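Novice: Build me a structure from this.
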Amino acid sequence: MVSLLGPRQSGKTSLARAFAAKREHVHYFDLEDPRDWNLLSTNLTLLETLQGLVILDEVQRLPMLFPFLRVLADREKPSAQFLLLGSASGALAQNASESLAGRVFLIPVEGFSLNEIDDSQKLWMRGGFPKSFLAEDTQLSNVWRDAFIKTFLEKDLLAFGEKVSLQNVWRFWHMVSHYHGNLLNTSEIGQSMGVDHKTVKNYLDILCDTFMITALKPWFSNVKKRMVKSPKIYIRDSGILHSLLGVDDYNQLIKHPKLGASWEGFALHQILHVFQPRDSYFWRTATGSEIDLLFEHKGKLCGFEFKLNGDPSLTKSMMTALADIPLDSLTIVTPNSKTLALSEKATLVSLADVCARGM
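Specialist: Numbers count the residues shown, from 1 in each chain. Down below sits the predicted model:
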(Lines give C-alpha, C1' and ligand atoms only; values in the text may rest on other atoms or scores of the structure.)
Protein backbone atom coordinates (compact mmCIF):
# COMPACT_ATOMS: atom_id res chain seq x y z
CA MET A 1 0.00 0.00 0.00
CA VAL A 2 1.45 3.36 -1.10
CA SER A 3 0.33 6.91 -0.32
CA LEU A 4 1.18 10.03 -2.33
CA LEU A 5 1.09 12.94 0.08
CA GLY A 6 1.27 16.62 -0.84
CA PRO A 7 -0.61 19.90 -1.27
CA ARG A 8 -3.56 20.37 -3.55
CA GLN A 9 -2.65 20.85 -7.23
CA SER A 10 0.89 19.49 -6.74
CA GLY A 11 0.46 16.75 -9.34
CA LYS A 12 -0.57 13.73 -7.23
CA THR A 13 -3.57 12.82 -9.38
CA SER A 14 -1.68 13.33 -12.65
CA LEU A 15 1.13 11.12 -11.39
CA ALA A 16 -1.33 8.45 -10.24
CA ARG A 17 -3.16 8.48 -13.58
CA ALA A 18 0.14 8.20 -15.49
CA PHE A 19 1.06 5.18 -13.38
CA ALA A 20 -2.42 3.71 -13.80
CA ALA A 21 -2.20 4.00 -17.59
CA LYS A 22 0.39 1.22 -17.53
CA ARG A 23 -1.84 -1.11 -15.52
CA GLU A 24 -4.53 -3.40 -16.88
CA HIS A 25 -7.14 -3.30 -14.11
CA VAL A 26 -7.64 0.09 -12.43
CA HIS A 27 -10.40 1.36 -10.16
CA TYR A 28 -10.41 5.10 -9.36
CA PHE A 29 -12.43 6.74 -6.58
CA ASP A 30 -12.38 10.51 -6.07
CA LEU A 31 -13.62 11.19 -2.55
CA GLU A 32 -14.32 14.81 -3.42
CA ASP A 33 -16.94 13.49 -5.84
CA PRO A 34 -20.16 13.05 -3.79
CA ARG A 35 -21.05 9.95 -5.79
CA ASP A 36 -17.79 8.15 -4.94
CA TRP A 37 -17.90 9.36 -1.34
CA ASN A 38 -21.47 8.10 -0.88
CA LEU A 39 -20.67 4.82 -2.60
CA LEU A 40 -17.77 3.96 -0.31
CA SER A 41 -19.19 5.47 2.87
CA THR A 42 -22.21 3.18 2.61
CA ASN A 43 -20.52 0.14 1.11
CA LEU A 44 -16.90 -0.25 2.20
CA THR A 45 -17.00 -3.96 1.49
CA LEU A 46 -17.00 -3.09 -2.23
CA LEU A 47 -13.23 -2.64 -1.93
CA GLU A 48 -12.60 -6.26 -0.98
CA THR A 49 -14.19 -7.46 -4.24
CA LEU A 50 -11.83 -5.44 -6.45
CA GLN A 51 -8.72 -6.69 -8.23
CA GLY A 52 -5.78 -4.80 -9.72
CA LEU A 53 -4.93 -1.20 -8.78
CA VAL A 54 -7.33 0.77 -6.58
CA ILE A 55 -6.73 4.53 -6.40
CA LEU A 56 -8.37 6.46 -3.55
CA ASP A 57 -8.02 10.20 -4.17
CA GLU A 58 -8.35 12.72 -1.28
CA VAL A 59 -8.50 9.77 1.08
CA GLN A 60 -8.49 12.01 4.19
CA ARG A 61 -12.10 12.87 3.36
CA LEU A 62 -13.27 9.44 4.59
CA PRO A 63 -11.44 8.50 7.83
CA MET A 64 -13.56 5.36 8.25
CA LEU A 65 -11.63 3.88 5.32
CA PHE A 66 -8.41 3.39 7.24
CA PRO A 67 -9.38 0.56 9.65
CA PHE A 68 -10.94 -1.30 6.72
CA LEU A 69 -7.81 -0.80 4.59
CA ARG A 70 -5.80 -2.37 7.42
CA VAL A 71 -7.97 -5.47 7.17
CA LEU A 72 -7.46 -5.62 3.41
CA ALA A 73 -3.70 -5.08 3.75
CA ASP A 74 -3.45 -7.99 6.19
CA ARG A 75 -5.10 -10.50 3.88
CA GLU A 76 -2.89 -13.49 3.15
CA LYS A 77 -3.26 -13.12 -0.60
CA PRO A 78 -4.42 -9.56 -1.39
CA SER A 79 -6.13 -9.27 -4.75
CA ALA A 80 -5.65 -5.51 -5.08
CA GLN A 81 -2.93 -2.92 -4.62
CA PHE A 82 -3.99 0.39 -3.09
CA LEU A 83 -2.67 3.84 -4.01
CA LEU A 84 -3.83 6.53 -1.58
CA LEU A 85 -3.68 10.23 -2.43
CA GLY A 86 -3.92 12.79 0.37
CA SER A 87 -3.77 16.57 0.76
CA ALA A 88 -3.84 16.97 4.55
CA SER A 89 -0.75 15.54 6.20
CA GLY A 90 -2.04 15.72 9.77
CA ALA A 91 -5.25 13.81 9.08
CA LEU A 92 -3.61 11.24 6.84
CA ALA A 93 -0.53 10.74 9.00
CA GLN A 94 -2.64 10.26 12.13
CA ASN A 95 -4.95 7.73 10.50
CA ALA A 96 -2.07 5.96 8.80
CA SER A 97 -0.09 5.70 12.03
CA GLU A 98 -3.10 4.45 13.98
CA SER A 99 -4.55 2.03 11.44
CA LEU A 100 -1.90 1.38 8.78
CA ALA A 101 1.35 1.42 10.77
CA GLY A 102 3.89 -0.70 8.91
CA ARG A 103 1.47 -1.24 6.04
CA VAL A 104 1.76 1.97 4.00
CA PHE A 105 4.74 3.66 2.34
CA LEU A 106 4.45 7.46 2.20
CA ILE A 107 5.82 9.30 -0.85
CA PRO A 108 5.81 13.12 -0.79
CA VAL A 109 4.67 14.90 -3.96
CA GLU A 110 5.45 18.61 -3.70
CA GLY A 111 5.40 19.93 -7.25
CA PHE A 112 8.46 20.69 -9.39
CA SER A 113 11.95 20.84 -7.90
CA LEU A 114 15.43 21.83 -9.07
CA ASN A 115 16.19 18.19 -9.89
CA GLU A 116 13.52 18.43 -12.60
CA ILE A 117 13.79 22.07 -13.71
CA ASP A 118 16.78 23.86 -15.25
CA ASP A 119 15.40 27.40 -14.86
CA SER A 120 16.01 28.02 -11.15
CA GLN A 121 15.05 31.72 -11.33
CA LYS A 122 11.66 30.91 -12.84
CA LEU A 123 11.11 28.13 -10.31
CA TRP A 124 11.99 30.49 -7.44
CA MET A 125 9.70 33.24 -8.76
CA ARG A 126 6.68 31.10 -9.69
CA GLY A 127 7.06 28.22 -7.22
CA GLY A 128 6.70 24.51 -7.83
CA PHE A 129 2.97 24.10 -8.45
CA PRO A 130 2.83 22.73 -12.02
CA LYS A 131 0.11 25.06 -13.31
CA SER A 132 1.86 28.10 -11.87
CA PHE A 133 5.26 27.16 -13.26
CA LEU A 134 3.96 26.08 -16.68
CA ALA A 135 1.70 29.13 -17.24
CA GLU A 136 2.30 30.84 -20.59
CA ASP A 137 3.45 34.08 -18.98
CA THR A 138 4.05 35.73 -15.63
CA GLN A 139 0.60 37.33 -15.49
CA LEU A 140 -1.19 33.99 -15.97
CA SER A 141 1.04 32.43 -13.31
CA ASN A 142 0.04 35.22 -10.90
CA VAL A 143 -3.63 34.75 -11.77
CA TRP A 144 -3.41 31.00 -11.11
CA ARG A 145 -1.75 31.49 -7.71
CA ASP A 146 -4.28 34.14 -6.65
CA ALA A 147 -7.09 31.75 -7.62
CA PHE A 148 -5.39 28.90 -5.74
CA ILE A 149 -5.24 30.97 -2.54
CA LYS A 150 -8.88 31.99 -2.90
CA THR A 151 -10.05 28.43 -3.58
CA PHE A 152 -7.97 27.05 -0.74
CA LEU A 153 -9.62 29.44 1.72
CA GLU A 154 -13.18 29.28 0.40
CA LYS A 155 -13.40 25.59 -0.51
CA ASP A 156 -10.49 23.41 0.53
CA LEU A 157 -10.42 24.27 4.23
CA LEU A 158 -14.11 23.43 4.48
CA ALA A 159 -13.52 20.20 2.59
CA PHE A 160 -10.84 19.27 5.12
CA GLY A 161 -13.43 19.73 7.86
CA GLU A 162 -11.85 22.82 9.40
CA LYS A 163 -14.37 24.95 11.31
CA VAL A 164 -12.53 28.25 11.61
CA SER A 165 -12.94 31.85 10.56
CA LEU A 166 -11.73 31.82 6.97
CA GLN A 167 -11.13 35.57 7.11
CA ASN A 168 -8.89 35.10 10.13
CA VAL A 169 -6.99 32.27 8.46
CA TRP A 170 -6.41 34.56 5.48
CA ARG A 171 -5.15 37.35 7.78
CA PHE A 172 -2.87 34.93 9.59
CA TRP A 173 -1.50 33.47 6.33
CA HIS A 174 -0.82 36.96 5.02
CA MET A 175 0.88 38.01 8.26
CA VAL A 176 3.05 34.88 8.24
CA SER A 177 4.37 35.86 4.81
CA HIS A 178 5.98 38.87 6.51
CA TYR A 179 7.48 36.60 9.20
CA HIS A 180 8.87 34.28 6.50
CA GLY A 181 12.35 33.13 7.55
CA ASN A 182 11.93 34.49 11.09
CA LEU A 183 10.73 33.32 14.48
CA LEU A 184 6.97 33.19 14.88
CA ASN A 185 5.64 35.28 17.75
CA THR A 186 2.16 33.85 18.37
CA SER A 187 1.35 36.37 21.10
CA GLU A 188 2.23 39.32 18.86
CA ILE A 189 0.14 37.97 15.98
CA GLY A 190 -2.71 37.13 18.35
CA GLN A 191 -2.78 40.70 19.67
CA SER A 192 -2.84 42.06 16.12
CA MET A 193 -5.71 39.76 15.18
CA GLY A 194 -7.65 40.05 18.43
CA VAL A 195 -7.40 36.32 19.23
CA ASP A 196 -5.44 34.35 21.83
CA HIS A 197 -2.18 32.52 21.13
CA LYS A 198 -3.96 29.12 21.20
CA THR A 199 -6.12 30.20 18.26
CA VAL A 200 -3.02 31.37 16.41
CA LYS A 201 -1.42 27.97 17.10
CA ASN A 202 -4.52 26.30 15.66
CA TYR A 203 -4.24 28.37 12.45
CA LEU A 204 -0.56 27.42 12.24
CA ASP A 205 -1.37 23.71 12.63
CA ILE A 206 -4.01 23.90 9.90
CA LEU A 207 -1.68 25.54 7.38
CA CYS A 208 1.17 23.16 8.26
CA ASP A 209 -1.10 20.12 7.92
CA THR A 210 -2.24 21.30 4.48
CA PHE A 211 1.36 21.88 3.27
CA MET A 212 1.08 25.66 3.06
CA ILE A 213 3.55 26.47 5.86
CA THR A 214 6.72 24.90 7.24
CA ALA A 215 7.45 25.44 10.92
CA LEU A 216 11.00 24.44 11.85
CA LYS A 217 11.50 23.39 15.45
CA PRO A 218 14.47 24.74 17.44
CA TRP A 219 17.29 22.26 18.01
CA PHE A 220 18.60 21.97 21.54
CA SER A 221 21.96 20.67 22.67
CA ASN A 222 23.71 20.43 26.00
CA VAL A 223 25.42 23.79 25.84
CA LYS A 224 25.41 26.51 28.45
CA LYS A 225 23.59 29.02 26.30
CA ARG A 226 20.04 30.27 26.35
CA MET A 227 18.24 29.01 23.25
CA VAL A 228 15.17 30.37 21.53
CA LYS A 229 12.06 28.19 21.80
CA SER A 230 9.78 29.65 19.11
CA PRO A 231 9.46 27.93 15.72
CA LYS A 232 11.00 29.44 12.61
CA ILE A 233 8.35 29.92 9.96
CA TYR A 234 8.29 29.70 6.16
CA ILE A 235 5.63 29.84 3.46
CA ARG A 236 6.28 26.47 1.84
CA ASP A 237 5.98 27.41 -1.84
CA SER A 238 7.97 30.43 -3.03
CA GLY A 239 5.36 31.36 -5.65
CA ILE A 240 2.59 31.44 -3.04
CA LEU A 241 4.86 33.55 -0.81
CA HIS A 242 5.35 36.08 -3.61
CA SER A 243 1.60 36.27 -4.23
CA LEU A 244 0.92 36.87 -0.54
CA LEU A 245 3.59 39.61 -0.53
CA GLY A 246 2.18 41.21 -3.69
CA VAL A 247 5.35 40.52 -5.70
CA ASP A 248 4.30 40.10 -9.34
CA ASP A 249 7.59 39.60 -11.17
CA TYR A 250 11.33 39.11 -10.73
CA ASN A 251 12.11 42.83 -11.05
CA GLN A 252 9.86 43.52 -8.08
CA LEU A 253 11.35 40.61 -6.16
CA ILE A 254 14.96 41.77 -6.37
CA LYS A 255 13.93 45.15 -4.89
CA HIS A 256 11.75 43.68 -2.14
CA PRO A 257 12.91 43.71 1.52
CA LYS A 258 12.07 39.98 1.80
CA LEU A 259 14.40 39.08 -1.10
CA GLY A 260 16.97 37.28 1.06
CA ALA A 261 14.34 35.52 3.14
CA SER A 262 12.51 34.44 -0.03
CA TRP A 263 15.64 32.80 -1.47
CA GLU A 264 16.45 31.21 1.90
CA GLY A 265 13.01 29.59 2.03
CA PHE A 266 13.24 28.46 -1.60
CA ALA A 267 16.68 26.89 -1.08
CA LEU A 268 15.71 25.34 2.25
CA HIS A 269 12.70 23.57 0.76
CA GLN A 270 14.77 22.31 -2.18
CA ILE A 271 17.19 20.76 0.34
CA LEU A 272 14.34 19.20 2.31
CA HIS A 273 12.88 17.83 -0.94
CA VAL A 274 16.18 16.14 -1.82
CA PHE A 275 17.03 14.62 1.57
CA GLN A 276 13.54 14.00 3.01
CA PRO A 277 14.69 14.06 6.66
CA ARG A 278 12.40 12.61 9.29
CA ASP A 279 12.72 15.80 11.36
CA SER A 280 14.21 19.18 10.55
CA TYR A 281 15.33 21.97 12.86
CA PHE A 282 17.11 25.31 13.10
CA TRP A 283 19.57 26.41 15.78
CA ARG A 284 19.66 29.85 17.35
CA THR A 285 20.96 31.19 20.63
CA ALA A 286 19.47 34.10 22.54
CA THR A 287 22.50 36.16 21.48
CA GLY A 288 21.80 35.63 17.78
CA SER A 289 24.15 32.83 16.67
CA GLU A 290 22.21 30.73 14.18
CA ILE A 291 22.23 27.85 11.70
CA ASP A 292 19.32 27.97 9.24
CA LEU A 293 18.67 24.23 8.93
CA LEU A 294 19.72 21.09 10.82
CA PHE A 295 18.82 17.45 10.33
CA GLU A 296 20.29 13.98 10.67
CA HIS A 297 21.28 12.19 7.45
CA LYS A 298 22.79 8.71 7.45
CA GLY A 299 23.57 9.02 11.14
CA LYS A 300 25.33 12.37 10.82
CA LEU A 301 24.19 15.79 11.99
CA CYS A 302 24.20 18.13 9.00
CA GLY A 303 23.87 21.91 9.10
CA PHE A 304 22.98 24.31 6.29
CA GLU A 305 23.33 28.06 5.96
CA PHE A 306 21.75 29.89 3.01
CA LYS A 307 23.51 32.95 1.58
CA LEU A 308 22.04 34.80 -1.39
CA ASN A 309 25.13 36.99 -1.77
CA GLY A 310 27.52 34.03 -1.93
CA ASP A 311 30.01 35.48 0.57
CA PRO A 312 32.78 32.80 0.75
CA SER A 313 33.67 33.20 4.41
CA LEU A 314 32.84 31.67 7.76
CA THR A 315 30.86 34.09 9.91
CA LYS A 316 31.20 34.39 13.67
CA SER A 317 27.79 32.71 13.97
CA MET A 318 28.96 29.70 11.92
CA MET A 319 32.16 29.35 13.95
CA THR A 320 30.13 29.47 17.16
CA ALA A 321 27.86 26.71 15.85
CA LEU A 322 30.82 24.54 14.83
CA ALA A 323 32.29 24.97 18.30
CA ASP A 324 29.10 24.50 20.32
CA ILE A 325 27.11 21.76 18.57
CA PRO A 326 28.28 18.36 17.27
CA LEU A 327 27.94 19.09 13.57
CA ASP A 328 29.47 16.55 11.21
CA SER A 329 29.20 19.01 8.33
CA LEU A 330 28.16 22.58 7.62
CA THR A 331 27.15 23.41 4.06
CA ILE A 332 26.94 27.07 3.07
CA VAL A 333 24.50 27.11 0.16
CA THR A 334 24.56 29.94 -2.39
CA PRO A 335 22.91 30.45 -5.79
CA ASN A 336 25.99 29.96 -7.99
CA SER A 337 29.21 29.43 -6.01
CA LYS A 338 31.85 26.92 -7.02
CA THR A 339 32.45 24.24 -4.40
CA LEU A 340 35.03 25.48 -1.90
CA ALA A 341 36.20 23.99 1.40
CA LEU A 342 36.19 26.69 4.09
CA SER A 343 37.30 24.46 6.95
CA GLU A 344 37.50 20.80 7.87
CA LYS A 345 33.72 20.63 8.25
CA ALA A 346 32.43 23.68 6.34
CA THR A 347 31.97 23.78 2.55
CA LEU A 348 30.62 26.45 0.20
CA VAL A 349 28.36 24.84 -2.44
CA SER A 350 25.82 26.04 -5.02
CA LEU A 351 22.20 25.05 -4.49
CA ALA A 352 22.10 23.21 -7.82
CA ASP A 353 25.14 21.11 -6.86
CA VAL A 354 23.69 20.17 -3.46
CA CYS A 355 20.42 19.12 -5.05
CA ALA A 356 22.13 17.21 -7.88
CA ARG A 357 24.48 15.10 -5.82
CA GLY A 358 22.86 14.96 -2.40
CA MET A 359 25.24 14.18 0.43
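Novice: could you pull out the strands for the stretch 201-350 of the chain?
Specialist: In the stretch 201-350 of the chain, the strands defined using DSSP state E, counting those that start in this stretch lie at 213-218, 232-235, 281-284, 290-297, 300-306, 329-334, 340-341, 346-350.
Novice: Who are the packing partners of the fifth one?
Specialist: This points to strand 300-306. helix 259-275, strand 290-297, strand 329-334 (3 or more Cβ pairs under 8 Å, 6 or more residues apart in numbering; DSSP states H and E). (Glycine included, C-beta is placed from N, CA and C.)
Novice: for the last one, same thing?
Specialist: In terms of contacts (3+ Cβ pairs under 8 Å, 6+ apart), strand 346-350 is packed against strand 329-334, strand 340-341.
Novice: before we move on, what about the second one?
Specialist: Strand 232-235 is packed against helix 166-179, strand 182-183, strand 213-218, helix 259-275, with contacts defined by 3+ Cβ pairs under 8 Å, 6+ apart.
Novice: Beyond the helix or strand of the chain with the lowest mean pLDDT, next helix or strand please.
Specialist: Least confident helix or strand, the chain: helix 89-99 with a mean of 62, by mean pLDDT, DSSP states H and E. The helix or strand immediately downstream of helix 89-99 is strand 105-108, counting by DSSP states H and E.
Novice: which stretches of this structure have low pLDDT?
Specialist: In the predicted model, the chain carries pLDDT under 70 at residues 88-99, 159-162, 221-228, 310, 359.
Novice: domains for it, by residue range?
Specialist: The chain resolves into domains spanning 2-108, 120-357 when parsed by automatic domain parsing.
Novice: And the longest one, end to end?
Specialist: Pointing back at domain 120-357 there. 16 Å (Cα to Cα, to the nearest Å).
Novice: How far off centre is it?
Specialist: 9 Å (Cα atoms, centre = their mean, to the nearest Å).
Novice: Now render the helices and strands packed on strand 300-306 as JSON lines, adding mean neighbour count and distance to T138.
Specialist: Below are these laid out as JSON lines (neighbours: other Cβ atoms under 10 Å; distance: least, Cβ to Cβ, whole Å):
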{"stretch": "helix 259-275", "mean neighbour count": "21", "distance to T138": "16"}
{"stretch": "strand 290-297", "mean neighbour count": "20", "distance to T138": "29"}
{"stretch": "strand 329-334", "mean neighbour count": "22", "distance to T138": "25"}
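Novice: For my notes, please list the ones you listed in JSON lines and give distance to L123 for each entry.
Specialist: Putting the helices and strands packed on strand 300-306 into JSON lines (distance: least, Cβ to Cβ, whole Å) gives the following:
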{"stretch": "helix 259-275", "distance to L123": "8"}
{"stretch": "strand 290-297", "distance to L123": "19"}
{"stretch": "strand 329-334", "distance to L123": "15"}
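Novice: Ignoring the adjacent residues along the chain, who's closest to V274?
Specialist: C355 (5.1 Å; Cβ to Cβ, 6 or more residues apart in numbering).
Novice: Can you redo the helices and strands packed on strand 346-350 as a markdown table, where the extra columns are distance to E76?
Specialist: Putting those into a markdown table (distance: least, Cβ to Cβ, whole Å) gives the following:
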| stretch | distance to E76 |
| --- | --- |
| strand 329-334 | 46 |
| strand 340-341 | 55 |
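Novice: Would you tell me which of those strands gets closest to K77?
Specialist: Among those, strand 329-334 comes nearest to K77, with 46.8 Å by Cβ to Cβ.
Novice: Partner strands of the closest one and their direction?
Specialist: Strand pairing for strand 329-334, determined by DSSP bridges: strand 300-306 (parallel), strand 346-350 (parallel).
Novice: before we move on, the earlier item: can you add distance to L47 and give the helices and strands packed on strand 232-235 back as TSV?
Specialist: Output for the helices and strands packed on strand 232-235, formatted as TSV (distance: least, Cβ to Cβ, whole Å):
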stretch	distance to L47
helix 166-179	34
strand 182-183	46
strand 213-218	34
helix 259-275	32
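Novice: who wins for proximity to G194 among those?
Specialist: Evaluated with Cβ to Cβ, the helices and strands packed on strand 232-235 place helix 166-179 nearest to G194, the distance being 8.9 Å.
Novice: can you list the residues that contact the closest one?
Specialist: Residues from elsewhere that reach helix 166-179 (Cβ atoms under 8 Å, 6 or more residues apart in numbering): 149, 153-154, 157, 184-185, 189, 192-193, 195, 199-200, 203-204, 206-207, 212-213, 233, 235, 241, 244-245, 258.
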